[in-house]
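Undergrad: can you look at this prediction? I've put the sequence above it.
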Amino acid sequence: MAVEKSEEKLQQKLSKISLPKYQDLPNLDLYMDQVIDEINQYLIPITKTAITKSMINSYVKKGIVDRPTKKRYSRVQLAKLLVVSILKPILSLDAITQALRIAMKLDSVDNAYDQFVTLFNTELKQIDIPNLSAKQYQSMAIKSLLYKLLVEDLITRNI
């Protein structure tokens, strides 16, 4: 009974989470502290981790995200930071960088970002946590590993 209530709480929590579409990201350039606040309002409920100044500086230094202009970050940089932050727990930064390059070759930043957000938000809403069996939990874990390996392989081959 306690597990069921816990699962229902998680389901309710997840149903309230969604990533913003590109047009819903701030259209004004933001300073570092504002970027951190903006990203963390979405990131923390999903990953339980926060982005930090040093993480952002590292992503810029590695060329994953463009350097800020006059210490201000644009909507494009914010979108990239959100995607990197969401994918970082499952993919290496090299794989994420390669995936972003592929996405930018195929589409504009706003379209690629919106496609990612639409897929993410759709998957998030479709999870039926209270009704999952032990076998389904195991299947999800196995699929997570296999999909991770597949995505890394596909990204590597697309370079």
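TA: That came through, no problem. Residues are numbered from 1 along each chain as shown.
Undergrad: so the nearest residue to Leu100 once chain neighbours are set aside versus Ala99, what's the distance?
TA: Excluding the flanking residues, the one nearest Leu100 by CB to CB, 6 or more residues apart in numbering is Lys80, at 6.5 Å. C-betas here are computed from N, CA, C, even on glycine. Here the criterion is CB to CB, to the nearest Å. By it, Lys80 lies 11 Å from Ala99.
Undergrad: ok, Lys48 next?
TA: Counting by CB to CB - Lys48 and Ala99 are separated by 23 Å.
Undergrad: who has more neighbours, those two?
TA: More crowded of Lys48 and Ala99, by other CB atoms under 10 Å: Ala99, with 21 against 8.
Undergrad: could you look up the SS state of that one?
TA: With DSSP: H, G, I helix; E, B strand; the rest coil as the basis, Ala99 sits in helix.
Undergrad: with adjacent residues omitted, what lies nearest to it?
TA: In space, Ala99 comes closest to Ile155 once its chain neighbours are excluded; the distance is 5.1 Å by CB to CB, 6+ apart.
Undergrad: please work out the average pLDDT along the helix or strand hosting that neighbour.
TA: Assigned by DSSP states H and E, Ile155 belongs to helix 134-157. Averaging pLDDT along helix 134-157 yields 88.
Undergrad: and if you look at stretch 102-120?
TA: 95.
Undergrad: appreciated, that's everything.
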